[in-house]
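Asks: Pasting a predicted model and its sequence here:
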Amino acid sequence: MARFDSEAIAEKITRWVSCESPSRDIAAVNQMQDIVEADLAAPGIAVERLPGGEGAADVVIARAGPANNQPPVLVLSHVDTVHPIGTIERDLPLRSEGERLYGPGALDMKGGAVMGLAALRAAVADDALRRPVIYMFTPDEEIGAIHTRGLIEAMARGVSHVLVTEPARPGGRVVTARRGSGRFDVYLRGIPAHSGSGQEIGRSAIREAAHQILRIEAAADAERGISVTVGLIKGGTASNTIPEHAWFNVDFRITHPADADRMEAFIRGLEPVDPDVAITVEGCITRPPYAKSPAIAELHGRVQEIGAELGLPLEELPLAGGGSDGNFTAAMGIPTIDGLGIEGAGAHTLEEHAIITSVGQRTELMYRLLTRL
Ligand SMILES: [Zn+2]
């Protein structure tokens with residue numbers, strides 16, 4: 001008989017999804033963490049709840065497994081979603097249609113988090129863990145883990161490998177590489193003047209922004225996997241005034257670890273075309289690239305061997321465009337496998353749904369990864 005019942009797990013996912021938890025709503029995410037804590041409660045699992053810091057909800061950390069000298073495995077699941085409160089009522093009703101379970105976060109990633117938790121509980125109940133497990137349920141992945149990155153990195157120090165329960169990719173594939181990203185704000189300050197009589201003394205911040213945007217976007221390099229987007233811009237006070245202020249933001253994505261520092265230095269080192277306009281830059285590399293290392297390739301091979309027993313090929317996606325908390329641990333040199341969560345489609349949209357028929361099997365996969373790797 002199968003160890004995990006897809007229907008029972010789907011029911012639990014439904015309960016988690018019904019507790020809406022957008023990242024910036026601290027009370028809502030903490031309510032979600034209450035459910036996580038309650039569902040973790042079992043003999044053999046030690047649960048710790050830490051404040052996520054100012055502006056963030058709590059982090060829940062579960063520890064289990066033998067107190068031997070084996071380095072632990074770290075599992076990462078986030079419980080926040082991108083969908084605001086009221087999405088279930090207005091735009092994305094929580095419902096099942098055939099094999100699909102629709103709802104905010106059903107796919108990204110309450111489905112995977114519930115599966116990971118169920119696998120952990122079963123492995124502890126069976127006394128089947130061979131190494132310690134540290135399981136983090138984080139509150140702010142969808143806003144770049146701005147509050148919990150340090151804690152994730154601290155927990156990751158000294159672990160043998162990291163498993164991340166972000167959604168599976170089409171065909172049930174897993175993730176062994178992700179692009180990194182940087183987000184910067186560029187502020188320009190010129191000299192304001194009347195548009196009719198002040199042409200000689202005025203220095204346009206908007207004009208300077210135009211120069212800089214073209215220069216910045218020209219740094220994109222499809223071959224090296226670098227994309228650069230100025231997605232927001234603001235400036236000026238009136239149509240008859242040479243603008244003193246302008247602002248725009250820059251989002252870039254990088255594939256190679258070496259490009260992170262290079263791109264950051266480039267944005268920070270912008271020189272004004274008009275020397276009378278001042279440029280100030282704020283921002284950072286929000287997620288370092290998660291590059292596939294030989295150690296990740298080896299871990300993926302072992303994951304595939306275990307998957308094969310269940311008939312799951314677990315092919316890898318060559319390079320995922322979006323980042324995850326796995327970027328932080330992979331950038332530390334720790335073998336990291338992502339995309340171990342639930343299958344489905346429409347993450348971050350009003351079509352978001354998980355496929356519930358394969359849930360039992362993929363939870364069994366998590367169980368085997370926890371107990372055998
Ligand atoms: Zn996610």
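Replies: Yes, it's here. All values reported here derive from a predicted model rather than from experimental measurement. Residues are numbered from 1 along each chain as shown.
Asks: Just say helix, strand or coil for the closest residue to residue 19 other than its chain neighbours.
Replies: The shortest distance from residue 19 to any non-neighbouring residue, by CB to CB, 6 or more residues apart in numbering, is to residue 32 (5.0 Å). The way it works is simple: take the backbone N, C-alpha and C, and place the C-beta from them, glycine included. When classified by DSSP: H, G, I helix; E, B strand; the rest coil, residue 32 comes out as helix.
Asks: What is the burial count for residue 32?
Replies: 26 (other CB atoms under 10 Å).
Asks: Which pLDDT value does the model give it?
Replies: Looking at residue 32, its pLDDT stands at 98.
Asks: same deal with residue 1?
Replies: With respect to pLDDT, residue 1 scores 61.
Asks: residue contacts, residue 266?
Replies: If a contact means CB atoms under 8 Å, 6 or more residues apart in numbering, then residue 266 has residue 219 as its contacts.
Asks: Relative to residue 260, how far out is it?
Replies: 11 Å (CB to CB, to the nearest Å).
Asks: Spatially nearest residue to residue 30, not counting backbone neighbours?
Replies: In this structure, residue 30 finds its nearest non-sequential neighbour in residue 57, 4.7 Å apart by CB to CB, 6+ apart.
Asks: so who does that neighbour touch?
Replies: So residue 57 contacts 26-30, 32-33, 80, 139-140 (CB under 8 Å, 6+ apart).
Asks: so where does it fall, helix or strand?
Replies: Under DSSP states H and E, no helix or strand contains residue 57.
Asks: if I look at it, how far off is the ion?
Replies: 16 Å (CB to the ion, to the nearest Å).
Asks: So for that residue, what pLDDT did the model give?
Replies: Reported pLDDT for residue 57: 95.
Asks: How about residue 69?
Replies: pLDDT, read off for residue 69, is 90.
Asks: Could you check which residue of the stretch 251-373 of the chain lies nearest the ion?
Replies: residue 324 (6.1 Å; CB to the ion).
Asks: Assign that residue to helix, strand or coil.
Replies: coil.
Asks: go on, residue 308?
Replies: Judged by three-state DSSP, the three-state class of residue 308 is helix.
Asks: Next up, the contacts around it.
Replies: By CB under 8 Å, 6+ apart, no residues touch residue 308.
Asks: Distance of it relative to residue 272?
Replies: 58 Å.
Asks: nearest spatial neighbour of the residue positioned nearest the centre of the chain, skipping sequence neighbours?
Replies: Centroid-nearest residue in the chain: residue 324, 2.8 Å away (criterion: CA atoms, centre = their mean). Among residues not flanking residue 324 along the chain, residue 166 sits closest, at 5.0 Å (CB to CB, 6+ apart).
Asks: I figured the residue nearest to the centre of the chain was touching residue 178, is that so?
Replies: Yes: shown here, residue 324 and residue 178 form a contact pair, counting by CB atoms under 8 Å, at 6.3 Å.
Asks: Quickly list what's touching both of these two.
Replies: Common neighbours of residue 324 and residue 178 (CB under 8 Å, 6+ apart) are 287, 290, 338.
Asks: If you rank those by neighbours, which is first?
Replies: Neighbour tally across those (other CB under 10 Å): the maximum, 32 neighbours, falls on residue 338.
Asks: who's it bridged to?
Replies: Beta-bridge partners recorded for residue 338 (DSSP bridges): residue 175.
Asks: Around the ion, pick out the residues from the stretch 151-300 of the chain.
Replies: residue 166 (CB under 5 Å from the ion).
Asks: Which parts of the stretch 151-300 of the chain are helices?
Replies: All helices of the stretch 151-300 of the chain, identified by DSSP state H, counting those that start in this stretch, fall at 205-217, 257-268, 294-309.
Asks: where does the protein dip in pLDDT?
Replies: 1 (pLDDT under 70).
Asks: Domains in it, by residue range?
Replies: What automatic domain parsing lists as the domains of the chain is 6-178+290-372, 187-287.
Asks: distance between the ends of the last one?
Replies: In other words, domain 187-287. 22 Å (CA to CA, to the nearest Å).
Asks: quick one: furthest residue from the center of this structure?
Replies: Max radial position in the chain (CA atoms, centre = their mean) goes to residue 197, at 51.5 Å.
Asks: Quick check: the gap between that one and residue 241.
Replies: Residue 197 is 11 Å from residue 241, by CB to CB.
Asks: now do residue 177
Replies: Counting by CB to CB, the gap from residue 177 to residue 241 is 48 Å.
Asks: Those two: which has the busier surroundings?
Replies: Using other CB under 10 Å, the more surrounded residue of residue 177 and residue 241 is residue 177, with 21 against 15.
Asks: Make sure that one is actually in contact with residue 290.
Replies: Yes: at 5.8 Å, residue 177 counts as touching residue 290 under the criterion of CB under 8 Å.
Asks: quick revisit: show me the contacts of residue 57 that map onto helices.
Replies: Taking DSSP state H as the definition of helices, the contacts of residue 57 contribute 26-30, 32-33.
Asks: Kindly reformat these as TSV and extend each row with distance to the ion.
Replies: Below are those laid out as TSV (distance: CB to the ion, whole Å):
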residue	distance to the ion
26	19
27	21
28	17
29	14
30	19
32	14
33	16
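Asks: Give me the buried subset of these.
Replies: 26, 28-30, 32-33 (16 or more other CB atoms under 10 Å).
Asks: list the contacts for the closest residue in space to residue 236 that isn't next to it in sequence?
Replies: Leaving aside its sequence neighbours, residue 236 sits nearest to residue 243 (CB to CB, 6+ apart; 3.6 Å). For residue 243, the contacting residues are 190, 192, 204-206, 235-237, by CB under 8 Å, 6+ apart.
Asks: Fine by me, we can end here.
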